[in-house]
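# Kindly generate the corresponding structure for this input.
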Amino acid sequence: MIFKTKEIYTKSNLLSIFRLLLAVPFWFLLDNFNDDNIRMITFGLCLFASLTDILDGYLARKFNEVTEFGKIIDPLADKVAVGVIVLKLYLIGEISDFYFWIIILRDVLIFAGGIFITKKIGRVLPSNALGKLTVITIGIVILMVLLAVDRNNWVYLLFYYSSTVLIFISFFGYVLRASEFINSGKR
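This next block holds a predicted model:
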């Protein structure tokens, strides 16, 4: 798949590229997880990254800038930013092995599946509401970890277990949707 320059340099895609680059400060900021100020800065940066995620989709639709490149860079930026934060939180012992591996495996399998599907149907399979809901619940768990919320708090447990269930449901939903696209020959 080859992209034209004008398809890459849109307002929405530049926001997604910026969010992708936020992975670098996330990585270094989390080296100082025990510093309350650094955790609050990281928390604020996560909220800002979430805002850019909402804004890039809005801008793409408003200015009719929905591109195949955007369909790749937007979820890639989400996966890289969330992946870096989850990896760092795992390495410093703030999230469990189980939670780390289900997030990473889901994202790697969906990314690899996305490449396969794109080659099969000739376009990128866009994300759906279930996938976005999954990322939002994972993001809320990450934000609660950054805020040092008690892990036995019922609100934390509600989002933790909801995101865990959604990770599995959204993965199987993606597989089902992809197989339907392939079998129907949709383009």
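# where in the chain is pLDDT low?
For the chain, applying pLDDT under 70 flags the ranges 1-2, 185-187.
# contacting residues for the residue nearest the centre of it?
The centre of the chain sits closest to Asp78, judged by Cα atoms, centre = their mean, with a distance of 3.1 Å. By Cβ atoms under 8 Å, 6 or more residues apart in numbering, the contact set of Asp78 is 19, 53, 135. Every C-beta, even on glycine, is put in place using the N, C-alpha and C of the backbone.
# Packing partners of the helix or strand harbouring the last one?
It stands for Val135. Following DSSP states H and E, one finds Val135 within helix 129-146. Where contact means 3 or more Cβ pairs under 8 Å, 6 or more residues apart in numbering; DSSP states H and E, helix 129-146 is packed against helix 36-62, helix 68-91, helix 97-121, helix 154-184.
# Let's have the ones you listed in JSON lines, adding distance to Ser127.
Converted to JSON lines, the helices and strands packed on helix 129-146 look like this (distance: least, Cβ to Cβ, whole Å):
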{"stretch": "helix 36-62", "distance to Ser127": "10"}
{"stretch": "helix 68-91", "distance to Ser127": "5"}
{"stretch": "helix 97-121", "distance to Ser127": "9"}
{"stretch": "helix 154-184", "distance to Ser127": "9"}
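# Can you check which of the ones you listed gets nearest to Val24?
For Val24, the closest of those is helix 68-91, at 8.2 Å, according to Cβ to Cβ.
# Buried residues in the closest one, which are they?
By neighbour count on 16 or more other Cβ atoms under 10 Å, the buried set for helix 68-91 is 68-90.
# what's the angle between it and helix 97-121?
160 degrees (axes from the mean of the first three to the mean of the last three Cα atoms, to 10 degrees).
# gap between helix 68-91 and the chain center?
5 Å (Cα atoms, centre = their mean, to the nearest Å).
# ok, now stretch 175-187?
What separates the centre of stretch 175-187 from the centre of its chain is 23 Å, taken as Cα atoms, centre = their mean.
# which residues touch that stretch?
With Cβ under 8 Å, 6+ apart as the criterion, stretch 175-187 contacts 113, 117, 120-123, 125, 128.
# can you rerun that using 10 Å?
With contact meaning Cβ atoms under 10 Å, 6 or more residues apart in numbering, stretch 175-187 is reached by 109-110, 113-114, 116-117, 120-123, 125-126, 128, 130-131.
# Buried only: go through these for me.
Using 16+ other Cβ under 10 Å as the burial test, the contacts of stretch 175-187 include 110, 114, 117, 121, 125, 131 as buried.
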